[in-house]
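Engineer: model the following, please.
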Amino acid sequence: MTWIILILAGLLEVVWAVGLKYTEGFSKLIPSVLTLAAMAGSVGMLGLALRTLPLGTAYAIWTGIGTVGTVIYGIVVLGEPASIMRLTCIAMIVGGIIGLKVSTV
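Structural biologist: Alright, predicted model coming up:
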């Protein structure tokens, strides 16, 4: 269950990271409220996961999910470049996430 909570926390990190783009400096009410709610949920769920997971592992996986998800959103939705170098770097982050999960008891 802890891993599911951590994955959900990472997905909420993607939501708030993407949401920041749409708040326009927190000048738009609805995107700002949704972004702040996603932030609170993401950090809250990370805190729950930290009850049983090692800090370094949980934090790295949380930020890794957020990073990969945000880059994918940028490429797919915002038309950001999908160069070989960017995709290779994202693949290395995914490899790191998998390696941390596999090596954590």
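
Engineer: may I see the buried residues of stretch 51-62?
Structural biologist: Buried residues in stretch 51-62, counted by 16 or more other Cβ atoms under 10 Å: 53, 57-62. All C-beta spots, glycine's among them, are computed from the backbone N, C-alpha and C.

Engineer: how about residue 22, nearest residue that isn't a chain neighbour?
Structural biologist: Excluding its sequence neighbours, the residue lying closest to residue 22 (Cβ to Cβ, 6 or more residues apart in numbering) is residue 31, at 4.2 Å.

Engineer: quick one: secondary structure of the one you found?
Structural biologist: Recorded secondary structure, residue 31: helix (DSSP: H, G, I helix; E, B strand; the rest coil).

Engineer: repeat for residue 51
Structural biologist: Under three-state DSSP, residue 51 comes out as coil.

Engineer: quick one: residues contacting it.
Structural biologist: residue 2 (Cβ atoms under 8 Å, 6 or more residues apart in numbering).

Engineer: look up how far residue 22 lies from it.
Structural biologist: Distance of residue 51 to residue 22, computed by Cβ to Cβ, to the nearest Å: 32 Å.
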